[in-house]
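Engineer: 3D, please:
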Amino acid sequence: MDTQEITDMLIHALDNSQAGFKSFKEVFAQCSAAFELGNDQEGIKLLSSILSPIKDFTSFCAEITRTHGQSIPPEIFGEFEQQCSTFKDLITDMLEEMEEGNYVEVGDILKYDLGDLIDAMSVTFPKISNSLKNPSS
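Structural biologist: Model (predicted):
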């Protein structure tokens with residue numbers, strides 16, 4: 001696969017990412033609500049259902065950095081890198097809280113921290129896509 005084909009696939013994925021962001025936010029809110037109500041088993045079940053998509057999302061972000069980091073304007077790429085770093089840190093924090101049984105805190109991380117971050121990333125992804133579509137801009 002040549003570089004242009006990879007770029008085209010990446011642009012397509014970026015352009016179609018909004019539904020995924022919406023899905024993440026919906027499940028994050030459902031998990032949080034379950035944890036707030038003390039229904040930890042339901043929250044864990046919901047969270048388990050998105051572990052694979054979270055892993056895929058993390059891999060996708062790493063792939064953007066690996067294949068196109070140099071092609072994205074520095075201000076956009078810096079924003080994206082910071083968001084990716086924050087995402088990893090929040091996932092780590094969430095897992096630590098789960099190990100300690102602090103499910104209300106897990107819910108707060110999902111609903112507020114990760115929810116806000118997903119909102120921010122849903123704005124950054126179109127910027128990345130546009131920069132790849134129009135490299136001279």
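
Engineer: For the helix or strand bottoming out on mean pLDDT in the chain, list every residue counted as buried.
Structural biologist: Here the helix or strand of the chain ranked lowest by mean pLDDT, DSSP states H and E is helix 3-15, holding a mean of 92. Across helix 3-15, burial judged by 16 or more other C-beta atoms under 10 Å covers Thr7, Leu10, Ile11, Leu14. C-beta here means a position set from N, CA and C on the backbone, and glycine is covered the same way.

Engineer: Please work out the average pLDDT along the lengthiest helix in the chain.
Structural biologist: Counting by DSSP state H, the longest helix found in the chain is helix 74-99. Mean pLDDT, computed over helix 74-99, is 96.

Engineer: list the buried ones in that helix?
Structural biologist: So for helix 74-99, counting by 16+ other C-beta under 10 Å, buried means 77, 79-81, 83-84, 86-87, 90-91, 94, 97-98.

Engineer: same check, this time on stretch 59-79
Structural biologist: Neighbour-count burial for stretch 59-79 [16+ other C-beta under 10 Å]: Cys61, Ile64, His68, Ile72, Phe77, Glu79.
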